[in-house]
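Participant: Coordinates only, no sequence provided:
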């Protein structure tokens, strides 16, 4: 699994790392009438604001000198986060973090950062969505 993110800093300070957690849904595919109670979908959320579980959050420390410098409000930062399953233990994963240069890396579309090209792309996509809604209302 790999995911790229870019975002705008909302408050000046130091950028030491990322906190990582997961949310998942367990939706049983068994719908047997012989059970007294039906199976229900279960959400497992492990975020810092969710009820505590034995699954904890993870902190990934930013490599190199990025952690030593300050980030300014509205500065754009980016990273690539990878997760790979171990070949020898199916219950073990390795996480990788790479800091990306937002001015040279391609951003995902849509991107929520405030960089000019991303703000423009977001506005164009919203305009297209609105035009499509208008067309659907006409038909």
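Facilitator: Received the coordinates, thanks. These numbers were taken from a predicted model, which means no experiment stands behind them.
Participant: and residue 49, how far is that from residue 1?
Facilitator: Using CB to CB, to the nearest Å, one obtains 23 Å as the distance from residue 49 to residue 1. C-beta: built from backbone N, CA, C; applies to glycine.
Participant: More neighbours: which of these two?
Facilitator: Between residue 49 and residue 1, counted using other CB atoms under 10 Å, the more crowded position is residue 1 (9 against 6).
Participant: and residue 81, how many neighbours does it have?
Facilitator: Residue 81 sits with 16 neighbouring residues when counted by other CB under 10 Å.
Participant: which residues of this structure score low on pLDDT?
Facilitator: Low-confidence segments of the chain (pLDDT under 70): 30-36, 64-68.
Participant: So which residues of it form strands?
Facilitator: Counting by DSSP state E, the segments of the chain that form strands are 2-8, 13-14, 17-20, 23-26, 42-45, 58-61, 70-71, 76-85, 93-100.
Participant: Residue 109 is nearest to which of those?
Facilitator: Distances from residue 109 to each of the strands of the chain were compared by CB to CB, and the smallest falls on strand 2-8, at 10.9 Å.
Participant: neighbouring contacts of that closest one?
Facilitator: Applying CB atoms under 8 Å, 6 or more residues apart in numbering, the set of residues contacting strand 2-8 from outside is 74-83, 100, 102, 105, 107-108, 111-115, 118.
Participant: In contact with residue 83, which residues are there?
Facilitator: Counting by CB under 8 Å, 6+ apart, residue 83 touches 1, 2, 93, 94, 95, 96.
Participant: Give me the distance between residue 102 and residue 74.
Facilitator: Plainly put, residue 102 is 12 Å away from residue 74 if you go by CB to CB.
Participant: Which of the two has more residues huddled nearby?
Facilitator: Counting neighbours by other CB under 10 Å for residue 102 and for residue 74 shows that residue 102 has the greater number, 19 against 12.
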